[in-house]
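[1] Fold the following and give me the result.
(one chain, ligands or ions: 1)
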Amino acid sequence: MLRGQFITFEGGEGAGKSTQIARLAEYLRSCGVDVVTTREPGGSPGAEAVRHVLLSGAAEALGPEAEAILFSAARADHVAETIEPALAAGKWVLCDRFIDSTRVYQGESGVEPALLEKLEDVAVGRLSPDLTVIVDIPPRLGLKRIAGRDSASGGAEKDRFERENLDVHANRRARFLEIARSEPERCVVVDGSRKPEQVAAAIIEIVEGRLGPIADSVVRTDGRAGK
Ligand code: TYD
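    Numbers count the residues shown, from 1 in each chain. Reported below is the predicted structural model:
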């Protein structure tokens with residue numbers, strides 16, 4: 001059986017990743033691809049348990065290193081319990097945030113690159129996304145979108161990482177773009193400030209361009225690939 005493709009989505013707050021993941025999943029399913037969508041922190045029962053500790057800010061007092069360790073522990077469980085089994089079964093996995101979020105967010109919080117590298121190694125081993133879509137938007141726009149979302153949902157509380165000031169958001173954006181520059185074979189930057197349908201069309205084009213015609217990757221029930 002063909003191994004599935006692993007696509008991660010990264011970007012700052014309010015970039016529209018979850019909307020784009022849903023749209024790409026819908027498109028891929030219409031092509032006959034078996035798709036699993038998942039997110040971090042979380043995506044497996046063990047990792048979901050850690051998610052609340054991280055996003056509520058309960059772990060903040062432990063310091064950025066401890067937070068990095070918790071994100072990585074959650075990721076190790078997510079990889080072992082959800083991502084690897086799905087890929088091995090020929091499914092495509094679309095994941096909302098992955099290693100680059102730790103590099104960017106915990107890096108920006110001051111965690112040493114050497115520790116981040118070690119943690120990444122422990123959490124994901126040799127697994128690397130086949131494609132990483134970085135949805136890029138100016139932080140001001142992203143924060144405005146979040147504010148709109150929060151008032152629409154009755155003023156939901158911002159999470160630990162959304163509460164930071166504009167400079168921090170701008171630095172994270174610069175870090176994401178730096179990763180894209182240093183790993184062009186894995187990463188592609190998409191302008192997320194456009195209309196959702198325009199962003200979705202751009203992402204489909206990228207996926208087709210980078211990973212080849214989707215139909216060739218479809219695992220059919222008779223075990224043969226493609227049409
Ligand atoms: P989430 O509610 O999933 O929001 P988003 O739509 O922004 O993805 O929140 C996840 C938050 O956790 C987000 O602010 C980024 C942060 N985060 C890290 O700091 N490090 C990580 O490794 C991951 C996966 C997320």
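[2] dump the residue contacts of the most centrally placed residue in the chain.
    Geometric centre of the chain, nearest residue: Arg97, 2.0 Å, by CA atoms, centre = their mean. By CB atoms under 8 Å, 6 or more residues apart in numbering, the contact set of Arg97 is 8-10, 17, 39-41. Any C-beta I mention is one placed from the backbone N, CA and C, and that applies to glycine too.
[3] what do you get for Thr8?
    Counted by CB under 8 Å, 6+ apart, Thr8 has contacts 94-95, 97-100, 129, 131-133.
[4] let's see it at 6 Å
    95, 98, 129, 132 (CB atoms under 6 Å, 6 or more residues apart in numbering).
[5] Name the SS class of the third one, please.
    In other words, Pro129. Per DSSP: H, G, I helix; E, B strand; the rest coil, the secondary structure class of Pro129 is coil.
[6] ok, so what distance separates it from Glu60?
    28 Å (CB to CB, to the nearest Å).
[7] Comparing the two, which shows the higher neighbour count?
    Pro129 (22 against 15; other CB atoms under 10 Å).
[8] Quick check: closest non-adjacent residue to that one.
    Leaving out its chain neighbours, the residue that sits closest to Pro129 by CB to CB, 6 or more residues apart in numbering is Thr8, at 4.3 Å.
[9] Is that neighbour located within a strand, as I assumed?
    Yes. Applying three-state DSSP, one finds Thr8 inside a strand.
[10] Of the contacts of Arg97, which are in range of the ligand?
    For the ligand, the contacts drawn from those by CB under 6 Å from any ligand atom are 39-41.
[11] So which of those belong to strands?
    Arg39 (DSSP state E).
[12] Dump the ones next to the ligand among the contacts of Arg97 to CSV, plus pLDDT and neighbour count.
    Shown next, in CSV, are the ones next to the ligand among the contacts of Arg97 (pLDDT from 0 to 100; neighbours: other CB atoms under 10 Å):
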residue, pLDDT, neighbour count
Arg39, 98, 19
Glu40, 98, 23
Pro41, 98, 24
